[in-house]
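In: requesting a structural model of the entry that follows:
(2 chains)
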Amino acid sequence: MGMKTVLLTATLALGLASSALAADRVVNVYNWSDYIDPTILEEFTKETGIKVVYDTFDSNEILETKLLAGGTGYDVVVPTANFLQRQIAAGVFQKLDKSKLPNLSNTWDEITQRISTYDPGNEYSVDYMWGTTGIGYNADKMKEILGSDEKPSWDVLFKPELAAKFKDCGIHILDSASDVMPSALNYLGLNPDSKDPDELAKAGALLETIRPYVRKFHSSEYINALANGDICLALGYSGDILQAKTRADEAKAGVNVAYTIPSQGAQMWFDLMAVPADAPHVAEAHEFINYMLKPEVAAKASNYVSYANGNKASQALMDKAVFENPEVYPDEATLKKLFTVTPYDTKTQRIVTRLWTKVVTGQ
Amino acid sequence: MQRLISSIASRLVIVVPYIWLLVFFLVPFFIVFKISLSEVAMAIPPYSPVFDLSAGWTAFKDSVSKFSWDNYIWLTQDPLYYRAYLSSLFIAGVSTVLTLLVGYPIAYGMARAPATVRPTLLMLVILPFWTSFLIRVYAWIGILKPEGLLNQFLMWAHVIDTPLNILNTNTAVFIGIVYSYLPFLVLPIYSALEKMDYSLVEAAEDLGCPPIAAFWKITFPLSLPGVIAGCFLVFIPAVGEFVIPDLLGGSQTLMIGKTLWNEFFSNRDWPVSSAVAVILLLLLVVPIVLFQRAEARAQESEK
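Out: From the prediction side, this is the model:
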């Protein structure tokens, strides 16, 4: 076969492939790992004929770097609110066409209101899930070490003499300064949203004192580690730890995982669906977001991942185990103790990352 | 005419590696170098100035005047960076020596094996590449963790009473690097040893040289080019390794790959991370070029 024939065949094949693509409608979704009931995607395709290309990440930093490089090809991405706020400023997202999102009527004002501090007027984003950053633990080991049935407070992590007792059974902490530093600041009685270098240094110093007792700083390994009983204490996301509980219960190996929002308060965060400015399939992206806003779909999603969502109408359809769990849907009093944080500017970010590197590596 | 065509053809063949070098090394290097002289910005892409060739020559000159060495000066002000470089060089160095200790006997055994078996042995060395690198590194987590296969075996054999804590330490990083890069070291040494004329060793032994001395006087020097090539192939990627220390290493494992990741992802500071990358490249390329020159000079003086 001559070169020309090869080229011709290749062009023909490409032509066929692209015309096939034009017939199949596609939406490219980039979401957190372990964060959706896969049957939702299948049913979405069945109902709309739009194929979902689903891809995952496990940290906001990775998502943000891709978005800032541009040309990601993603149509729907799910950043956390404080990251989204900065990304809106960088011109990463396009405004949502609300006329194509009739199911917005199902949203929960309580949550929409809180999100509007990040995304004024809720123009760019819609809540997918929200949750808290708290303590996951092995209930049996906790009882053995503390000698009581009481739920642990931040003391078990942030009091060095107490944390030392958990060293051998294992502590994991999220490898994410923006999730851990606010909790440390809050524990010290300082403003969790502080941008003051001295206060941040104090939080860093607190974390350094417990560093010798931490087995690993990692943002996703703790789910399996808790479920397998490899560790007994983790600073992590509410739903991740409740997923660890589900996995441990299914494995029936006698590992008893629990999650708690510590009594001193915890960070509240929102993961939001947004459409990049250069998304190739804008119409499909809106259809996808609108589908996710259906009460029965939102309920199904929350049932699977054990996170609360911002969909008021879905609450009646949700499993009681999820909706009536105070660690997922906290009561009024706990809700008041939850705090939110805003993004760091470039200079503060550098200080925070440097402090965090010192916490993690000791250097 | 025939001669002309063949001389043009041979020149073309020489041009290919240069084009390769230009497209896949020099151009990317200059892009990274250019970013390292820029400044952070909250935009797409997250640095400035960005060249806009359509804006004309004066705009281009204006952009160039904004370049600065600030990011390189920054690197000298925080001990984190040079510690990370030193720690990476140390980890890569130790791993290379360990890989050589494990790999040389394997290559020697393969080269000495009957000619009919060699292709099979060669296949077996390459075989692990058939599964993904990431999966193989993940598998080591299962082997090394406190309840993992290794500890279970050692406890069963009554060698130890309490599980060894290997995972999340530098030891696990060494194991991971030695395992992952072993074939890169075995193959060049094997090919050097296989070409060797074994009758030289027989001659030495006939003249009363003990086998061990014959190995050090004849076999090892003849395999040296393979050893050097193999060591480079292990050392250079190991210095910048990110995946193995991330999965197997602990939080105290400080490596430049992780530092670079932090600058790039956590700080969104592409300029500083580019500066880190440029220095890393110089750190590796300069000594290797000097070494190559010394080698070439030594060969010439032998003639």
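In: residues from chain B in reach of chain A?
Out: Chain B comes close to chain A at residues B:40, B:42-46, B:78-80, B:83-84, B:145-147, B:168, B:250-254, B:259, B:262, B:264-269, as judged by CB under 8 Å from any CB of the partner chain. No exception for glycine: its C-beta is placed from N, CA and C like everyone else's.
In: check which residues of stretch A:306-319 are buried.
Out: Within stretch A:306-319, the residues scored as buried using 16 or more other CB atoms under 10 Å in any protein chain shown are A:306-315, A:317-318.
In: swap in stretch A:57-72?
Out: Under the neighbour-count criterion of 16+ other CB under 10 Å, stretch A:57-72 has A:57-68, A:72 buried.
In: again, but for stretch B:116-127
Out: By neighbour count with 16+ other CB under 10 Å, stretch B:116-127 contains the buried residues B:121-122, B:125.
In: take the residues you listed and keep only those in helices.
Out: Among the buried residues of stretch B:116-127, the members falling in helices (DSSP state H) are B:121-122, B:125.
In: strands of chain B, residue ranges please.
Out: For chain B, the strands defined by DSSP state E cover B:39-40, B:47-48.
In: can you put those in a markdown table and add mean pLDDT and mean neighbour count?
Out: Formatted as a markdown table, the strands of chain B follow (pLDDT from 0 to 100; neighbours: other CB atoms under 10 Å in any protein chain shown):
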| stretch | mean pLDDT | mean neighbour count |
| --- | --- | --- |
| strand B:39-40 | 86 | 17 |
| strand B:47-48 | 85 | 17 |
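In: I figured residue B:108 hits residue B:193, correct?
Out: Yes: contact criterion CB atoms under 8 Å: residue B:108 and residue B:193 qualify, at 6.1 Å.
In: any idea which residue sits dead centre in chain B?
Out: residue B:237 (2.1 Å; CA atoms, centre = their mean).
In: gap between it and residue B:96?
Out: 11 Å (CB to CB, to the nearest Å).
In: then residue A:214?
Out: Remark: distance between residue A:214 and residue B:96 (CB to CB) = 31 Å.
In: ok, residue A:79 next?
Out: Taken as CB to CB, the span from residue A:79 to residue B:96 is 41 Å.
In: which helix or strand contains the residue of the stretch 1-150 of chain A found nearest chain B?
Out: The stretch 1-150 of chain A approaches chain B most closely through residue A:61 (3.8 Å), counting by CB to the nearest CB. Residue A:61 is part of helix A:60-69, with elements assigned from DSSP states H and E.
In: ok, then the element right after that helix?
Out: Note on helix A:60-69: by DSSP H and E, the next helix or strand toward the C-terminus is strand A:76-77.
In: same for that next one, what does it pack against?
Out: Under the contact criterion of 3 or more CB pairs under 8 Å, 6 or more residues apart in numbering or on different chains; DSSP states H and E, strand A:76-77 touches strand A:25-32, strand A:267-274, helix A:282-292.
In: next, the buried residues of the first one.
Out: Buried residues in strand A:25-32, counted by 16+ other CB under 10 Å: A:27-32.
In: now the buried residues of stretch B:116-127 in CSV, with pLDDT?
Out: Converted to CSV, the buried residues of stretch B:116-127 look like this (pLDDT from 0 to 100):
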residue, pLDDT
B:121, 95
B:122, 93
B:125, 93
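In: now, which of these sits nearest chain A?
Out: For these, the minimum distance to chain A (CB to the nearest CB) is 31.3 Å, reached by residue B:125.
In: the closest one touches residue B:110, doesn't it?
Out: Yes: between residue B:125 and residue B:110 there is a contact at 7.5 Å, judged by CB under 8 Å.
In: ok, the closest residue to residue B:240 other than its chain neighbours - contacts?
Out: Leaving aside its sequence neighbours, residue B:240 sits nearest to residue B:257 (CB to CB, 6 or more residues apart in numbering or on different chains; 5.2 Å). Each residue near residue B:257 by CB atoms under 8 Å, 6 or more residues apart in numbering or on different chains is listed here: B:88, B:240-242, B:245.
In: who in the stretch 101-250 of chain A is up against chain B?
Out: A:177, A:211, A:214-217, A:230.
In: tell me which of those residues fall in helices.
Out: residue A:177.
In: columns pLDDT and neighbour count on top of the residues of the stretch 101-250 of chain A next to chain B, output as CSV?
Out: Conversion of these to CSV gives the following (pLDDT from 0 to 100; neighbours: other CB under 10 Å):
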residue, pLDDT, neighbour count
A:177, 92, 28
A:211, 93, 18
A:214, 92, 23
A:215, 88, 26
A:216, 87, 20
A:217, 89, 24
A:230, 88, 20
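In: shaky segments in the chain?
Out: Just going to use chain A. A:1-23 (pLDDT under 70).
In: actually, chain B is the one I wanted.
Out: When residues are selected by pLDDT under 70, those of chain B lie in B:1, B:52-53, B:303.
In: check it for the residue nearest chain A and tell me.
Out: Counting by CB to the nearest CB, chain B gets nearest chain A through residue B:265, at 3.8 Å.
In: burial count for that residue?
Out: 19 (other CB atoms under 10 Å in any protein chain shown).
In: what's the closest non-adjacent residue to it?
Out: Take residue B:265 and drop its neighbours on the chain: the residue closest to it by CB to CB, 6+ apart is residue A:61, 3.8 Å away.
In: now do residue B:222
Out: Residue B:222 sits nearest to residue B:196 (CB to CB, 6+ apart), 5.0 Å away.
In: mind checking how far the one you found is from residue A:168?
Out: In terms of CB to CB, residue B:196 sits 53 Å off from residue A:168.
In: higher neighbour count, the two?
Out: The residue with more neighbours, out of residue B:196 and residue A:168, is residue B:196; 15 against 12, by other CB under 10 Å.
In: the more buried one against residue B:220, yeah?
Out: No: using CB under 8 Å, residue B:196 is not in contact with residue B:220, being 10.4 Å away.
In: what is in contact with the two at once?
Out: Joint contacts of residue B:196 and residue B:220 (CB under 8 Å, 6+ apart) do not exist.
In: tell me the contacts of the residue in the stretch 151-300 of chain A that chain B sits nearest to?
Out: Ranked by CB to the nearest CB, the top residue of the stretch 151-300 of chain A for proximity to chain B is residue A:217, at 5.1 Å. For residue A:217, the contact set (CB under 8 Å, 6+ apart) comprises A:172-175, A:359-360, B:251.
In: just the ones of the residues you listed in helices?
Out: Using DSSP H, those in helices are A:359-360.
In: now the two most distant members of the contacts of residue A:217.
Out: The span of the contacts of residue A:217, defined through CB to CB, is set by A:172 and A:359 at 13.9 Å.
In: turn the contacts of residue B:257 into CSV, including neighbour count and distance to residue A:43.
Out: As requested, the contacts of residue B:257 are exported to CSV (neighbours: other CB atoms under 10 Å in any protein chain shown; distance: CB to CB, whole Å):
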residue, neighbour count, distance to residue A:43
B:88, 24, 48
B:240, 16, 44
B:241, 23, 43
B:242, 14, 38
B:245, 23, 41
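In: ok, these vs residue B:34, which is closest?
Out: Nearest to residue B:34 among those, counting by CB to CB, is residue B:240 at 20.4 Å.
In: picking that back up, quick one: the residue nearest to residue B:265 and residue B:266 touch, right?
Out: Yes: taking contacts as CB under 8 Å, residue A:61 lies within contact range of residue B:266: 5.4 Å.
In: grab the nearest non-local neighbour of residue A:90.
Out: Counting by CB to CB, 6+ apart, residue A:90 lies nearest to residue B:42, which is 4.8 Å off, once chain neighbours are set aside.
In: run through the residues that contact that neighbour.
Out: By CB under 8 Å, 6+ apart, the neighbours of residue B:42 are A:86, A:89-90, A:346.
In: what is the burial count for residue A:183?
Out: With other CB under 10 Å as criterion, residue A:183 counts 28.
In: OK, contacts around it?
Out: Residue A:183 neighbours (CB under 8 Å, 6+ apart): A:133, A:154, A:192, A:235, A:266-267.
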